[in-house]
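*Asks:* Sequence below, structure please.
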Amino acid sequence: MVVFWGHIMTRDGIYVNPTKIETIVSWNRPTNVTEVRLAGYYRRFIKKNSILAASLTCLTRKGVKFDWSEDCEKTFQEIKNRLVSTPVLTLPSSCGDYIIYSYASKKGLGCVLMQHGKVIAYASRQLKTHENNYPTHDLELAVVVFPLKIWRHYLYGETCEISIDHKSLKYLLTQKELNLRHRRWLELVKGYDCTINYHPSKANVVAYALSRKPSESLD
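*Replies:* Take a look at the predicted model:
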């Protein structure tokens, strides 16, 4: 068995490495309207999504009681399955142009790696004890460093764009007043051919949701 570029190759064939999709596969059922909107960003990739997600869409309507039915559970599991299958999940190509959508919350860090409008991998983790004391700026910087470390095998030597919802980080590479932690992280960022762009959180549904997963199900 050989692990290569996020896939596992055996004598029986090639399979997706479970670590690429574990964050989605292990997702617990939603407990509120915000969590129901997990798959919203990728609805255009899921065939007949409006019909498939009808029971979940009803839960997001104003004045409707949040009552998780058997039909909702079946739909939720099917959407998770489609999020980690083609055409949403794809193999990376060698032309670079990766896009990372990242989001940090007081619960954890979430990010999605994409290329040509399709997902390569998902990732999330809960905050470490000392990170709970980070100011917002440091927490947002941590979620820039997080994907660069875990997806180094995809990103090193390739062009990539990191989209975050914290405007000040756009100017990270030109800031003069940096503490030791910032300097250490900045050195890591400079090792990649990447740009940091502002992306409103409302347009970053999946990474936003991943950062808010219940702590017992975070990586």
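*Asks:* my read: D165 touches Y103, true?
*Replies:* Yes. The criterion here is C-beta atoms under 8 Å, and D165 meets it with Y103 at 6.4 Å. (C-beta placed from N, C-alpha, C; glycine too.)
*Asks:* Tell me which of the two has more neighbours.
*Replies:* Neighbour count, other C-beta atoms under 10 Å: between D165 and Y103, Y103 has more, with 27 against 20.
*Asks:* would that one count as being in a strand?
*Replies:* Yes. Counting by DSSP: H, G, I helix; E, B strand; the rest coil, Y103 is located in a strand.
*Asks:* what residue ranges in this structure are flagged as low confidence?
*Replies:* 4-7, 13-15, 37-42, 44-45, 86, 167-175, 200-206, 208-209, 212-219 (pLDDT under 70).
*Asks:* all helices for it, in order.
*Replies:* Ranges of helices within the chain are 18-25, 33-36, 49-52, 54-59, 70-83, 136-150, 152-155, 180-190, 205-210, based on DSSP state H.
*Asks:* Out of those helices, indicate the one that is most buried.
*Replies:* Among those, helix 205-210 has the highest mean neighbour count (mean count of other C-beta atoms under 10 Å), at a mean of 25.
*Asks:* for the helices of the chain, which one sits closest to I196?
*Replies:* Comparison of the helices of the chain against I196 by C-beta to C-beta identifies helix 136-150 as nearest, at 6.5 Å.
*Asks:* Export the closest one to CSV, keeping only CA atoms.
*Replies:* Extracted in CSV, the C-alpha atoms of helix 136-150 (Å, rounded to 0.1, in the frame of the first residue of the first chain):
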residue,chain,number,x,y,z
THR,A,136,-8.6,37.9,17.0
HIS,A,137,-5.7,38.9,14.8
ASP,A,138,-3.5,36.0,16.0
LEU,A,139,-6.4,33.5,15.6
GLU,A,140,-7.0,34.6,12.1
LEU,A,141,-3.3,34.3,11.3
ALA,A,142,-3.2,30.8,12.9
VAL,A,143,-5.9,29.7,10.3
VAL,A,144,-3.6,30.9,7.5
VAL,A,145,-0.7,28.8,8.8
PHE,A,146,-2.8,25.7,9.6
PRO,A,147,-3.6,24.7,5.9
LEU,A,148,-0.1,25.6,4.7
LYS,A,149,1.3,23.0,7.2
ILE,A,150,-1.2,20.2,6.6
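*Asks:* Check which helices and strands that helix sits against.
*Replies:* With contacts defined as 3 or more C-beta pairs under 8 Å, 6 or more residues apart in numbering; DSSP states H and E, the packing partners of helix 136-150 are strand 98-104, strand 108-115, strand 118-126, strand 159-164, helix 180-190.
*Asks:* Now tabulate the ones you listed in CSV and tack on distance to L141.
*Replies:* CSV is the format used below for the helices and strands packed on helix 136-150 (distance: least, C-beta to C-beta, whole Å):
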stretch, distance to L141
strand 98-104, 9
strand 108-115, 11
strand 118-126, 15
strand 159-164, 9
helix 180-190, 6
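*Asks:* Could you say which one of those comes nearest to K48?
*Replies:* For K48, the closest of those is strand 118-126, at 18.5 Å, according to C-beta to C-beta.
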